[in-house]
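# quick check, what structure comes out for this input:
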Amino acid sequence: MTPPIFLNLCLVLHITGFTMMAGSVLADFSIYRRLNKYLIADKQKAVTILEGPAKLPVFIGVGAVLLILTGVGMVSIFRESVTSMLWFRVKMILVLLVVLNGIVLARPGAIRLRATLLQNSVQDNRRIEGLGKNLRNIYILQLVLFLSIFILSVFRP
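Residues are numbered from 1 along each chain as shown. From the prediction side, this is the model:
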């Protein structure tokens, strides 16, 4: 029998990791919303604002490691009593979507936006606006996924 202290420690660290990841994505979203005001009007200021979220991927990574380690720890405690439940399987799919959305869409989108801003070409204005809107939509999707995971974890249907 696993001591309850280990389960409680896993749960606290799991929630901490989730909060670090979701909080970093929320901060990123907030910064990119502010950035949209300057994308065309003041590209230099936009580039400066882009420096703000540069360290956020570190927090997302640490949060992800905490989530994975503590999630594996809790699953090892509960075994099939959790893994066989529908809410848990849906939650794992949503977690996979969060990871894929971040790696495949958000990170490369931010890199493309920064590179395009640094080129500072007038003909890139339409592309810059499009990249900004895409990033906004990616972060909204990411936040909806996090909210869905949170709701599934709390209300376990």
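
# flag the helix or strand of the chain with the lowest per-element mean pLDDT.
helix 43-50 (a mean of 82; mean pLDDT, DSSP states H and E).

# what sits up against the very next helix or strand once past that one?
Counting by DSSP states H and E, the element after helix 43-50 in chain order, helix or strand, is helix 56-78. Residues from elsewhere that reach helix 56-78, judged by CB atoms under 8 Å, 6 or more residues apart in numbering: 2, 6-7, 10-11, 13-14, 16-21, 23-25, 27-28, 82-83, 95, 99, 102, 107. For every residue, glycine as well, the C-beta is placed using N, CA and C.

# repeat that with 7 Å
By CB atoms under 7 Å, 6 or more residues apart in numbering, the list of residues contacting helix 56-78 from outside reads 2, 7, 10-11, 13-14, 16-18, 20-21, 24, 27-28, 82-83, 102.

# can you point out the buried residues in that helix?
Counting neighbours by 16 or more other CB atoms under 10 Å, one finds that the buried residues in helix 56-78 are 56-57, 59-60, 63-64, 66-67, 70-71, 73-75, 77.

# contacting residues for the residue nearest the centre of the chain?
The residue lying closest to the centre of the chain (CA atoms, centre = their mean) is residue 25, at 4.4 Å. Residues near residue 25 by CB under 7 Å, 6+ apart: 139, 142-143, 146.

# how about 10 Å then?
Residues near residue 25 by CB atoms under 10 Å, 6 or more residues apart in numbering: 53, 56, 59-60, 63, 98, 101-102, 106, 138-139, 142-143, 145-146.

# chain center to stretch 21-36, what's the gap?
10 Å (CA atoms, centre = their mean, to the nearest Å).

# with only the CA atoms kept, save it in CSV.
The C-alpha coordinates for stretch 21-36 follow below in CSV (Å, rounded to 0.1, in the frame of the first residue of the first chain):
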residue,chain,number,x,y,z
MET,A,21,2.0,25.4,-18.0
ALA,A,22,-1.5,27.0,-18.1
GLY,A,23,-0.2,30.2,-16.5
SER,A,24,2.6,30.5,-19.0
VAL,A,25,0.3,30.0,-21.9
LEU,A,26,-2.1,32.6,-20.4
ALA,A,27,0.9,35.0,-20.0
ASP,A,28,1.9,34.3,-23.6
PHE,A,29,-1.6,35.0,-24.8
SER,A,30,-1.8,38.2,-22.9
ILE,A,31,1.6,39.4,-24.3
TYR,A,32,0.6,38.5,-27.9
ARG,A,33,-2.7,40.4,-27.5
ARG,A,34,-0.8,43.5,-26.6
LEU,A,35,1.7,42.8,-29.4
ASN,A,36,-1.1,42.8,-32.0
